[in-house]
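Peer 1: this one's sequence-less:
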């Protein structure tokens, strides 16, 4: 799967976690997992994918905090994490993504901004 560019499996009934091995998908451009029941932590490895442009993980069951490692991305333009169970603070590192044009965080349980 190292050549995969678009992973689009939205509107299904997946209930698993996103494995850390997603960080090995170096050619991934679009990750569309919306409208499922994924849970577990959002993998920090997403921030290491060199050409990832779109992350659509909205409408799932992701708990916990937003990994600050996402702010290391140099390519994410659209990041949608709405309608999950994300808690804690929004890492300011997210706003370091120079290519970020659209950010969706509504319908979570966020409580401000973090310096990390």
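Peer 2: Yep, it's here. Just so we're clear, the structure is a prediction, and the values are computed from it rather than from any experiment.
Peer 1: and residue 67, what does it touch?
Peer 2: For residue 67, the contact set (CB atoms under 8 Å, 6 or more residues apart in numbering) comprises 41-44, 46-47, 91. Placement of C-beta: from N, CA and C, glycine included.
Peer 1: Apply 6 Å and report the result again.
Peer 2: Going by CB atoms under 6 Å, 6 or more residues apart in numbering, residue 67 touches 42, 44.
Peer 1: Residue 113 now?
Peer 2: Applying CB under 6 Å, 6+ apart, the residues near residue 113 are 89-90, 92.
Peer 1: What is the neighbour count of residue 115?
Peer 2: Applying other CB atoms under 10 Å, we find 8 residues neighbouring residue 115.
Peer 1: Nearest to residue 66 among the contacts of residue 113?
Peer 2: Comparing these against residue 66 with CB to CB places residue 90 closest, at 6.3 Å.
Peer 1: who wins for neighbours among the contacts of residue 113?
Peer 2: Counting by other CB under 10 Å, top hit in the contacts of residue 113: residue 90 with 20 neighbours.
Peer 1: For it, give its distance to residue 12.
Peer 2: 28 Å (CB to CB, to the nearest Å).
Peer 1: Repeat that for residue 48.
Peer 2: 26 Å.
Peer 1: With residue 78 instead?
Peer 2: Residue 78 is 20 Å from residue 12, by CB to CB.
Peer 1: So which of those two has more stuff around it?
Peer 2: residue 78 (15 against 12).
Peer 1: mind listing what the more buried one touches?
Peer 2: 54, 102.
Peer 1: Please apply the same query to residue 51.
Peer 2: So residue 51 contacts 29, 75 (CB under 6 Å, 6+ apart).
Peer 1: So for it, what's the pLDDT?
Peer 2: Note for residue 51: predicted pLDDT of 98.
Peer 1: The one 5 residues further on too?
Peer 2: Here the pLDDT value assigned to residue 56 is 99.
Peer 1: how deep is it tucked in, by neighbour count?
Peer 2: 19.
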